[in-house]
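Participant: Quick check, what structure comes out for this input:
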Amino acid sequence: MRLETEGTLIVDARGMRCPWPALRLARAMRERVDVLLIADDPQAGREIAALADEHGWQIDSEIGVDATDRWRIRRG
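Facilitator: Residues are numbered from 1 along each chain as shown. Predicted structure coming up:
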């Protein structure tokens, strides 16, 4: 699911197992400079960090809410 709030694209990857959250993030970042990714797979954090490092993206925040993590990723 993709939503947009105040210029930030929200990618809801809850219920998806890795590598799908990271793949959805990579697809969204082709077109955008600011994405908020929501995922609940415990492995997502590592995969997102590796993907961001590979592409030079910044992870501005990680917020744990009810076993769901949120990451704001921006082009650096």
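Participant: and Thr8, what pLDDT?
Facilitator: As predicted, Thr8 sits at a pLDDT of 89.
Participant: going forward can the numbers begin at 75, since that is how I track them
Facilitator: Done: numbering now begins at 75, and the last item shifts to Thr82.
Participant: I figured it hits Arg146, correct?
Facilitator: Yes: between Thr82 and Arg146 a contact is recorded at 7.3 Å, counting by Cβ atoms under 8 Å. (Each C-beta comes from the backbone N, C-alpha and C, glycine too.)
Participant: Between the two, which contacts overlap?
Facilitator: Common neighbours of Thr82 and Arg146, counting by Cβ atoms under 8 Å, 6 or more residues apart in numbering, are 108-110.
Participant: Which single one of those is nearest to Pro116?
Facilitator: Taking Cβ to Cβ as the measure, Pro116 lies nearest Leu110 of those, at 19.0 Å.
Participant: would you say the closest one is within a helix?
Facilitator: No: read with DSSP: H, G, I helix; E, B strand; the rest coil, Leu110 is strand and lies in no helix.
Participant: follow-up on the earlier one: which of the shared contacts of Thr82 and Arg146 ranks first by neighbour count?
Facilitator: When neighbours are counted by other Cβ atoms under 10 Å, Val109 leads those with 23 neighbours.
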